[in-house]
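In: sequence-free structure coming up:
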């Protein structure tokens, strides 16, 4: 009986930590955000979480960078920039 509690005290935090780590990685590297965008006309360059349900996203479309605010119910264009002026 004591062996059961020893295994429980060791394995329960281990499994909980693995679950937490997997969810953290899932949120950090959201599927579809990074890979496979080379041949698309619309590219997501960067996304930054802002609060629980919102994000700021920079997308590139037809050579222009567009800053978007993305929430559950809407997507709004905040600003549009010229990618050639970004380095100046």
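Out: Looks like it arrived, so ask away. Computed from a predicted structure; not experimentally measured.

In: can you list the strands that the lowest-mean-pLDDT helix or strand in the chain pairs with?
Out: The helix or strand of the chain with the lowest confidence, counting by mean pLDDT, DSSP states H and E, is strand 42-50 at a mean of 88. Using DSSP bridges, the strands paired with strand 42-50 in its sheet are strand 54-61 (antiparallel).

In: tell me the angle of the very next helix or strand once past the strand it pairs with relative to strand 54-61?
Out: Next helix or strand after strand 54-61 toward the C-terminus (DSSP states H and E): strand 64-70. Put simply, strand 64-70 runs at 160 degrees to strand 54-61, going by axes from the mean of the first three to the mean of the last three Cα atoms, to 10 degrees.

In: strand 64-70 pairs with which strands?
Out: By DSSP bridges, strand 64-70 pairs with strand 54-61 (antiparallel), strand 75-81 (antiparallel).

In: mean neighbour count, the ones you listed: which tops it?
Out: When these are scored by mean count of other Cβ atoms under 10 Å, the highest mean neighbour count falls to strand 54-61 (a mean of 15). Every C-beta, even on glycine, is put in place using the N, C-alpha and C of the backbone.

In: list the contacts of it.
Out: 41-50, 65-71, 78, 83 (Cβ atoms under 8 Å, 6 or more residues apart in numbering).
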